[in-house]
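S.K.: Give me the fold of what follows.
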Amino acid sequence: MPGALKIGTGRAELPARHDAMLGILRHFRVLLGAMRAHYQVLADRSGLGGAEAWALAEIAEHPRLSVSELARRLALHLSTVSNIVGGLEAARLVARIRAGGDQRIVRLEATAEGRRALRRVPRPAEGVLQRALLALPGARLRVLQRDLEVLVSMIHAGPGLPADSTLGDLLSPPRKGGTARPQPPRKSRPTSGSSRSSRPGAARATRPATRT
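M.R.: Sure thing, here's the model as predicted:
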């Protein structure tokens, strides 16, 4: 059967392999739980999703990145990163600038509002899994990469899970009505002495944060 996992092993080895499999599953659950918690806190504090926060941090740390350079740093498809940058630009967190002799070349810079938003982002801005992987010794990281490549090749990508999906896409429930733009967190409002009709219309409008 195409795509099916093939396990060639003796009966005596099965219990030990099964126990090892369960142990690995438990580790995966811990990783997923940690990422979910981090993305939730990130969205609550900054109004950004995981991919938006990571992209904004890269742009702030490496001024004048191109969109293609940012895509390489995030290991995402260029079209995916273009959408992320579009949302950050619409939220006035990132600006596109043209500098130098070739006006066709567009660079990215974090705006003052973008840098303020970054100060609200819980650390690490790039994500807890990314930071933990970077902390591994190089030899361990390469072994893990090879082992995961084998595992992924055995499972194959399922329908609706493109190879460049962000971690937040995989951890979050499906969105309704497309991708929301990143928004700064809502400010607290007085509980007394104010009425809904007295607030500006823009302050009443809220949109869900993108979790990526």
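S.K.: from here on, contacts and neighbour counts on C-alpha atoms
M.R.: Noted.
S.K.: Where does pLDDT dip in the protein?
M.R.: Scanning the chain for pLDDT under 70 picks out 1-13, 100-103, 157-212.
S.K.: Can you show me the strands along it?
M.R.: Along the chain, counting by DSSP state E, strands occupy 94-98, 106-110.
S.K.: Mean neighbour count, the ones you listed: which tops it?
M.R.: Sort those by mean neighbour count, taking mean count of other Cα atoms under 10 Å, and strand 106-110 sits at the top with a mean of 21.
S.K.: one step back: of all the strands of the chain, which one comes closest to A57?
M.R.: strand 106-110 (8.5 Å; Cα to Cα).
S.K.: Can you get me a residue count around R146?
M.R.: Burial measure for R146: 11 neighbouring residues, criterion other Cα atoms under 10 Å.
S.K.: Kindly report the same for L56.
M.R.: Residues within reach of L56, counting by other Cα under 10 Å, total 29.
S.K.: right, and it touches A112 too?
M.R.: No: between L56 and A112 there is no contact under Cα atoms under 8 Å: 11.8 Å.
S.K.: hey, what's in contact with both of these two?
M.R.: The contact sets of L56 and A112 overlap at L93 (Cα atoms under 8 Å, 6 or more residues apart in numbering).
S.K.: Beta-bridge partners for R96, please?
M.R.: L108 (DSSP bridges).
S.K.: those helices in this structure, which residues are they?
M.R.: Listed in chain order, the helices of the chain (DSSP state H) span 14-46, 50-61, 67-74, 78-90, 112-120, 128-135, 138-155, 167-171, 201-204.
S.K.: which of the ones you listed sits most buried?
M.R.: On a mean-neighbour basis (criterion: mean count of other Cα under 10 Å), the most buried of the helices of the chain is helix 50-61, at a mean of 23.
S.K.: quick one, that helix and helix 112-120 angle?
M.R.: 120 degrees (axes from the mean of the first three to the mean of the last three Cα atoms, to 10 degrees).
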